[in-house]
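A.B. asks: Structure, please.
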Amino acid sequence: MDEKKPVCFVVSDGRLFAFRFCDSSFGSKWAGLWEGKRKILEYWAFRAGDEWLSPDKSAGFSLDQESQRAEISFGAARETCGFWREQGFRSRLRLSAPARIGMEICFDLRDSHENATGREYEVASFGSGTLVVRTKGEGGRSAEVRGLDGFEIRETAKRTHRPGNAADALGWKYFHEEEEDCFSVILESSADLSEAGFLVPLPPRAARQEFPRAQDLYRFSDPEVSGFFSHAVSQMRTFLQDTPAGTLGFAAGHPYFLDFWTRDACLSVPGLVRLGLFEDASRILSAIAAVQREDGCIPNIVSDAPDYASADATPLWLLALHDYCSFSGERGFLSKEALLAASFFNRTDVDKDGLSETDRGSVFEPLPHSTTWMDSIERTGRACEVQFLWGEAIRSLGRLHGSEELCAKGEGILRRAENLLWKEEWGYFLDCVGGPSENLKSSNILFALANSSVSPARAAASLAVLESDEFTRQWGITTASARNTNYGAGDGYHTGAVWNLLTALMSIAEFRAGRAEAGMKYLRILKRNFGRRCAEALDEVYDGQGNPQGAVNQAWSVCLLPRIFDDGILGMRPLAHESVVEFSPALPRDFSNVRRKDLRANGDRLEVFLERTSSGRHYLDVSGLRRNSLRFFPPRGTDKVFAGGHVVPGNRPVLVKGKGNVRIEWTLAGRPQ
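C.D. replies: Take a look at the predicted model:
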């Protein structure tokens with residue numbers, strides 16, 4: 001696999017986002033400045049004196065995630081583009097010596113699903129440094145650019161072009177490059193200037209929390225891993241997106257997954273929850289619940305005309321809601337909607353065998369795509385991950401609300417699914433029972449393994465298969481076994497491509513199973529993938545040669561990282577219904593210690609320090625316990641545990657009821673005491 005520098009970047013403030021290439025080019029129809037799914041600017045360029053600062057003259061690139069600004073250098077000239085708080089998106093050129101500056105600003109007022117629209121444009125007004133361009137005709141659109149004081153318009157022209165040369169040359173799949181039309185306005189300064197630029201003002205913003213500094217929350221003893229982790233977690237902010245209704249929504253990925261996909265949002269919300277972004281998480285969960293169907297079904301896409309063709313959106317929403325309630329301590333949040341959603345399972349159990357069918361039809365709207373996350377292939381029948389997601393969701397809801405009936409129902413679904421889908425001769429799970437995928441192996445069992453929904457023996461056997469060359473590549477976990485008869489069929493998207501989503505789930509599953517070294521292996525793969533194509537981002541997928549494909553900045557690829565640390569390495573889980581915080585740590589040999597600050601759990605704000613000394617002793621220090629007690633599950637091979645002034649055997653959990661600061665110490669069998 002080639003080690004490459006990033007070739008593109010995304011900056012976003014939730015209202016507007018820009019996608020651009022690091023050499024300053026706009027080599028895709030998806031490049032430019034967007035407000036949600038509506039494009040504003042196709043491209044922009046600067047001239048210093050008589051020389052246009054074209055991509056072949058670019059000499060360097062950097063990105064500041066905190067400010068969401070990028071800088072592109074052209075020798076002595078530098079362009080900074082990004083967001084200025086509560087002002088807007090700005091692109092500004094700075095020169096080492098004053099010169100006459102020219103600008104070309106190219107407008108493209110279209111929706112994301114449109115290409116060449118045939119719209120005619122005109123300058124509606126230009127004065128006091130503000131330029132307004134609009135489309136002609138009834139119901140036209142307009143865009144405003146400010147900060148043009150001291151500039152005059154020299155030329156306007158309608159352009160028809162095909163911008164996707166760079167994306168095509170790089171072999172990027174799924175971008176579907178087409179011809180565009182746009183409206184170019186060329187301006188020039190009336191005097192020599194040392195800096196100039198333009199500003200696109202921001203629309204009103206939906207309420208949201210201040211995003212935390214990730215480097216303050218997560219620390220590894222290896223500074224290089226700490227740097228990767230904090231930068232990757234910081235990228236989560238780019239997916240919080242205002243909806244047309246003025247509420248907070250979620251973008252699945254840039255530059256083209258701009259819809260509010262429930263599945264993607266619900267796999268990502270637990271990451272927001274672990275950062276303490278409870279208000280943002282609750283707004284997203286509430287926006288989804290607002291379009292819940294009368295029978296409890298959660299939509300596939302949140303919009304004015306919701307799409308309900310998803311077999312997994314409802315249990316994923318329940319699991320995300322459970323995470324929110326457990327961490328925030330707000331156990332009654334959306335409880336009515338949650339119980340209605342849980343009852344929807346009964347409708348999906350069409351043949352009343354206690355499992356959920358994924359067929360399209362009366363339950364899921366008959367749209368032209370499959371109802372599981374692998375929507376490019378048919379997976380009718382009883383899809384593996386759907387059963388385990390439903391079982392875990394209903395069991396978790398039962399625990400949260402103290403319902404023995406729901407707990408038993410969830411347990412029953414999990415056990416039936418495990419027994420039906422387990423294939424003894426493989427030592428692994430079937431992808432589906434019924435339908436064309438019945439005798440195929442997929443990595444979909446990872447959704448269950450990451451939630452510890454599978455019995456330990458079968459979980460260990462499944463992880464061993466996933467670790468083998470059937471599923472593991474240099475750049476991560478594939479969707480399907482290399483031994484499947486249809487491996488790589490079609491474009492390989494769901495039949496053999498590698499997904500960072502699956503690699504992250506694999507890391508969580510390994511850590512939660514106590515396999516710390518294997519968990520670290522997959523975390524290091526994510527570290528290696530980080531920024532390969534898009535600066536400070538993780539890609540959607542990789543093809544058979546390890547080339548990045550699909551979305552350049554995919555939400556669930558990075559939003560699962562907090563779960564790797566909190567659920568995996570710390571083995572942390574808040575039980576709001578018991579006022580207990582559990583820890584089952586799995587510290588890899590790579591690190592002597594890890595530290596987690598401001599971990600908010602059921603009303604407490606915790607600081608956690610996990611350490612292994614050179615003598616072989618292990619320590620877990622947890623401070624900030626006020627409302628909760630601590631339950632500790634010793635790692636496998638533990639000899640003795642020292643907690644609360646007592647020494648206990650290392651083969652059973654320890655409950656410490658003391659408040660404030662708690663220290664747990666343990667030793668492994670065969671190590672010095």
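
A.B. asks: how near is Thr247 to Ile564?
C.D. replies: Thr247 is 30 Å from Ile564, where distance means C-beta to C-beta, to the nearest Å. Backbone N, C-alpha and C define where each C-beta goes, glycine included.

A.B. asks: Compare these two (neighbour count), which wins?
C.D. replies: Per other C-beta atoms under 10 Å, whichever of Thr247 and Ile564 has more neighbours is Ile564, with 27 against 16.

A.B. asks: Three-state assignment for the closest residue to that one other than its chain neighbours, please.
C.D. replies: The shortest distance from Ile564 to any non-neighbouring residue, by C-beta to C-beta, 6 or more residues apart in numbering, is to Ser507 (5.0 Å). Following DSSP: H, G, I helix; E, B strand; the rest coil, Ser507 is assigned to helix.

A.B. asks: how long is stretch 241-251 from one end to the other?
C.D. replies: 6 Å (C-alpha to C-alpha, to the nearest Å).

A.B. asks: what's it in contact with?
C.D. replies: The contact list for stretch 241-251, computed with C-beta atoms under 8 Å, 6 or more residues apart in numbering, reads 12, 14-15, 17, 36, 203-208, 238-240, 257-261, 264-265, 268-269, 280, 283-284, 287, 302, 304, 555.

A.B. asks: For Glu195, pull up the helix or strand it's in.
C.D. replies: Using DSSP states H and E, Glu195 sits within strand 193-201.

A.B. asks: which of the residues in that strand are buried?
C.D. replies: Buried residues in strand 193-201, defined by neighbour count with 16 or more other C-beta atoms under 10 Å: Leu193, Ala196, Gly197, Phe198, Leu199, Val200, Pro201.

A.B. asks: can you count the residues close to Lys158?
C.D. replies: For Lys158, the neighbour count with other C-beta under 10 Å is 12.

A.B. asks: and it, what pLDDT?
C.D. replies: Looking at Lys158, its pLDDT is 94.

A.B. asks: for Ser396, same thing?
C.D. replies: With respect to pLDDT, Ser396 has a value of 97.

A.B. asks: Report the separation between the residue lying closest to it once chain neighbours are set aside and Ile394.
C.D. replies: In space, and not counting its chain neighbours, Ser396 is closest to His322: 4.3 Å by C-beta to C-beta, 6+ apart. For His322, the distance to Ile394 (C-beta to C-beta) stands at 10 Å.

A.B. asks: do the same with Arg379
C.D. replies: Taking C-beta to C-beta, one finds Arg379 at 21 Å from Ile394.

A.B. asks: again, but for Gly164
C.D. replies: 46 Å.

A.B. asks: With neighbour numbers in mind, choose between these two.
C.D. replies: Neighbour count, other C-beta under 10 Å: between Gly164 and Ile394, Ile394 has more, with 27 against 22.

A.B. asks: Look up phi and psi at the more buried one.
C.D. replies: phi -70, psi -40 (degrees, to the nearest 10).

A.B. asks: What residues of stretch 289-297 count as buried?
C.D. replies: Going by neighbour count (16+ other C-beta under 10 Å), the buried part of stretch 289-297 is Ala289, Val291, Gln292, Gly296, Cys297.

A.B. asks: Stretch 462-479 now?
C.D. replies: For stretch 462-479, by 16+ other C-beta under 10 Å, it's 462-463, 465-467, 470-473, 475-479.

A.B. asks: do stretch 313-331 as well
C.D. replies: Those would be 313-330, for stretch 313-331 by 16+ other C-beta under 10 Å.

A.B. asks: Mark which of those are part of helices, please.
C.D. replies: The members of the buried residues of stretch 313-331 that map onto helices under DSSP state H are 313-328.

A.B. asks: Next, the buried residues of stretch 551-566.
C.D. replies: For stretch 551-566, the neighbour count (16+ other C-beta under 10 Å) marks 551-566 as buried.

A.B. asks: Now the two most distant members of those.
C.D. replies: Val552 and Asp566 (26.7 Å; C-beta to C-beta).

A.B. asks: ok, back up a step: any chance of the buried residues of strand 193-201 in JSON lines, with pLDDT and distance to Arg416 too?
C.D. replies: Below are those laid out as JSON lines (pLDDT from 0 to 100; distance: C-beta to C-beta, whole Å):
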{"residue": "Leu193", "pLDDT": "97", "distance to Arg416": "72"}
{"residue": "Ala196", "pLDDT": "97", "distance to Arg416": "67"}
{"residue": "Gly197", "pLDDT": "97", "distance to Arg416": "62"}
{"residue": "Phe198", "pLDDT": "98", "distance to Arg416": "61"}
{"residue": "Leu199", "pLDDT": "98", "distance to Arg416": "59"}
{"residue": "Val200", "pLDDT": "98", "distance to Arg416": "55"}
{"residue": "Pro201", "pLDDT": "96", "distance to Arg416": "56"}
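
A.B. asks: and which of the residues you listed is nearest Trp44?
C.D. replies: The nearest one, if we look at the buried residues of strand 193-201 relative to Trp44 and count by C-beta to C-beta, is Phe198, at 7.3 Å.

A.B. asks: was I right about that closest one contacting Asp149?
C.D. replies: No. Contact criterion C-beta atoms under 8 Å: Phe198 and Asp149 do not qualify, at 10.5 Å.
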